[in-house]
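Participant: I'd like to go over a predicted model; first the sequence, then the structure.
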Amino acid sequence: MAANSNSRVASNHTSKKQKVRRNIHPFTNNTRIKRASKIVKFNDSGEGDHVSDQRSNKENVVTYKSLKSRASDLLKMRETLPVYQHKREIMSYIESNPVTVLIGETGSGKSTQIPQFVLEKLYDTKKHGSIAVTQPRRVAAINLATRVAQEHGCKLGEQVGYSVRFDNTTTTRTRLKYLTDGMLLRELMMNNDLREYSVIVIDEAHERTVLTDLILGFLKSLIQGPRPDLRIIVMSATLQAEKFSEFFNNAPILFVEGRKFDVKQYYLKAPTDDIVDAVIRCCIQINQGEELGDILCFLPGQEEIDKAVTIMEKIAKYVSDEAPVPLIVPYPLYAALPPVQQSLVFAPIKGFKRKVVFSTNIAETSVTISGVKFVVDSGLRKVKVWRHQLGLATLLTVPISQASAMQRSGRAGRESEGKSFRLYCESDYVKLPKQSEPEIARSDVTSPVLMLKRYGVDDLLNWTWFENPGKEAIVMGLQELYELGALDTRGKITKRGQQMALLPLQPHLSSVLIKASEVGCLSQVIDIVSCLSVENLLLNPSPEERDEVNERRLSLCNAGKRYGDLIMLKELFDIYFYELGKSQDASSERNDWCKGLCISIRGFKNVIRVRDQLRVYCKRLFSSISEEDEESKKIGEDGELISKILKCFLTGFIKNTAIGMPDRSYRTVSTGEPISIHPSSMLFMNKSCPGIMYTEYVFTTKGYARNVSRIELSWLQEVVTNAAAVAKQKVSDSK
Ligand SMILES: Nc1ncnc2c1ncn2[C@@H]1O[C@H](COP(=O)(O)OP(=O)(O)OP(=O)(O)O)[C@@H](O)[C@H]1O
């Protein structure tokens, strides 16, 4: 077979499949639990080099032996994967082509095996350089690195590691690194041509996230420019192969056919209205009628997941008392959960129990949850749609694509045959779009444009976009960045823009931090930005509790009552951070406090994590950081300080402002449209603000401002005049 033409890797699919089934079927649930409990033990001992450094040599030898023996056990399973059986052919393509597009079914072994083949080759040929494998989501990067380290027989952070935002296990010894595409882009920003890597694997390319698309564009410009030696592998589950191939000058496409285990599909006879209820019912039905095995349910968002977990917690015991069925143990899984909580879903469950994981689409690709035999698919997902003209994002629940449905089903049938219950009719499935629309087509491109500018790209319209977002979107992004002071009048990136590109935040929030570092309130602003970076920190109380909870929040936040939600967040943070948790019983004191105010307990833990990281970033970035700012600060009720903080936010959110009208309604400054304060805001009852600034806009029956702060109209003038003065200064500097 010619190594540079499109080809189909032949596979004697049926016989292999049968053989595989014979091998795997004897894994009863007991076996699974035993195998999986080994994994947990392994994880525990594998965390962090400092632990192993303190061990005696003897212990190290024992650990080394057990790692290797586990790896050799896993090798038997690896050898049965379709991808493994075509190892030689695949490698010959990869070696003889700068770019290879590899298409394979879910579970065929792409994400775990291909990078290991390449690693072996690097060892064999004694070549330098390492391998980066990008993933759209952090959960997948962590899950894969953990698994591959086991298969490779090493501890995480040795030869195999991962790097995701706020968590990096790699060391100088790491040769195979799983990382989110955001992290690879950061590396591109810091070290323009990725010299450290000799091979880059773009996994789950079909997901077409903005960041994956950007990476593809950067890689093309790298291989056409300073890195002709770089090898690229684009991996995808289905379709789109031609598009990837054409983009990389007709790179060869390899199809690896065959999956290890079948997944049987079931559809509803009639559609359902209440998706949470339908998912719960389906789980109960599986629990009553199917063999032991865990369930993975896909719901659109956090709200539905929390609801499902709460219901399941209430009914599980009752259901298992009624009949001799396994006890259901529910787990949530979504991006806003702290990593420790996310990792719980991967731990095996012991006894006569069934794990039910309720997840968003973060578990849709690349993730293997050991033990899952059943998938329940709501057929829905949440997407953020950006409206360029309005400069606003709206969160919508929409049907998934057929490709997503296939990915979701593919999460069952990874260790044995599985079943997938689709909670929609088959006639509706065939009407679903084949692929999800690329994210870049519906997103704000301010951040990508800033990255390109930081990378030194001048002609944005003609850059090597994998999917050009269009002139209108690019121009809007440029304008936005100019207004934030990231670009000068000639479109060149400014020093402020450089700093913004290096902060792990959206440009608007980065510009707020930079302003705060200039005017001396960085410490307080970091705390507020950290709270804003954690989704659903303040939970929505039930309608019966709403007044009481609001009353309690108001009674604690004197300044927030007057100035609004941003200041309230800081006041709550101060209580949580400085006042609670000093006693012996710190954690239960904090938990009770959070519960009473309807605040997410894990949310505040996340805030502290993000805050620590932001403080490190800021320290590195701002040479002018004052000593005052190095200490953390409470906010108090100092009106002058509060105005200063809010003005910093105005520099990033000047477009998200509205002016109070005589009839006490508000109209936005940018378009004059009416807007109302959302009932969740501290300022909902306060009818007398001259102006408001908000960090979020939601449209339900009408436009609502969320996270609202009171502003004086004179501040608007002040911020705009200052921005104009800075721009003028830059022009005269550059002449
Ligand atoms: N964490 C894990 N625990 C148990 N088995 C695993 C784990 N990760 C992978 N496997 C096994 O390895 C197989 C291949 O996984 P891999 O992620 O490489 O497949 P893939 O082709 O990339 O699929 P997908 O694109 O659907 O993620 C799985 O089907 C499963 O049998």
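Facilitator: That came in fine, so what should we check first? Numbers count the residues shown, from 1 in each chain.
Participant: I'd say residue 163 and residue 171 touch.
Facilitator: No. If you go by Cβ atoms under 8 Å, residue 163 and residue 171 don't touch, sitting 10.8 Å apart. (C-beta placed from N, C-alpha, C; glycine too.)
Participant: between the two, which one's more packed in?
Facilitator: Here residue 163 and residue 171 are compared on neighbour count by other Cβ atoms under 10 Å; more neighbours surround residue 163, at 22 against 13.
Participant: Quickly list what that one is bridged to.
Facilitator: residue 168, residue 179 (DSSP bridges).
Participant: That one: what's it in contact with?
Facilitator: Residues near residue 163 by Cβ atoms under 8 Å, 6 or more residues apart in numbering: 141, 169, 170, 177, 178, 179, 180, 183.
Participant: Show me what counts as buried in the helix or strand the fourth one falls within.
Facilitator: Spelled out, it's residue 177. For residue 177, the host element (DSSP states H and E) is strand 176-180. Of all the residues in strand 176-180, those buried under the rule 16 or more other Cβ atoms under 10 Å are 176, 177, 178, 179, 180.
Participant: In three-state terms, label residue 412 for me.
Facilitator: coil (DSSP: H, G, I helix; E, B strand; the rest coil).
Participant: quick one on the thing from earlier: including pLDDT, could the buried residues of strand 176-180 go into a markdown table?
Facilitator: What follows is these, written out as a markdown table (pLDDT from 0 to 100):
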| residue | pLDDT |
| --- | --- |
| 176 | 97 |
| 177 | 98 |
| 178 | 98 |
| 179 | 97 |
| 180 | 95 |
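Participant: tell me which of those is nearest to the ligand?
Facilitator: Using Cβ to the nearest ligand atom, residue 178 is the member of the buried residues of strand 176-180 that lies nearest the ligand, at 10.9 Å.
Participant: hang on, the closest one packs against residue 144?
Facilitator: Yes. The pair residue 178 and residue 144 passes the contact test of Cβ under 8 Å, sitting 5.0 Å apart.
Participant: so what sits against both of those two?
Facilitator: The overlap between the contact sets of residue 178 and residue 144 (Cβ under 8 Å, 6+ apart) consists of 133, 135, 162.
Participant: Of those residues, which is the most crowded?
Facilitator: Greatest neighbour count in the shared contacts of residue 178 and residue 144, by other Cβ under 10 Å, goes to residue 135: 31 neighbours.
Participant: Just the pLDDT at it, thanks.
Facilitator: Reading off the per-residue confidence, residue 135 sits at a pLDDT of 95.
Participant: who does it bridge with?
Facilitator: For residue 135, the residues forming beta bridges with it (DSSP bridges) are residue 180.
Participant: Next up, identify which helix or strand the residue of the stretch 501-650 of the chain found nearest the ligand is on.
Facilitator: For the stretch 501-650 of the chain and the ligand, the shortest gap (Cβ to the nearest ligand atom) falls at residue 602, measuring 23.6 Å. Assessed by DSSP H and E, residue 602 sits inside helix 601-621.
Participant: got the phi/psi numbers for residue 718?
Facilitator: Comment: the main-chain dihedrals of residue 718 come out as phi -60, psi -50, following degrees, to the nearest 10.
Participant: shouldn't it be in contact with residue 647?
Facilitator: Yes. Counting by Cβ under 8 Å, a contact exists between residue 718 and residue 647, whose distance comes to 7.0 Å.
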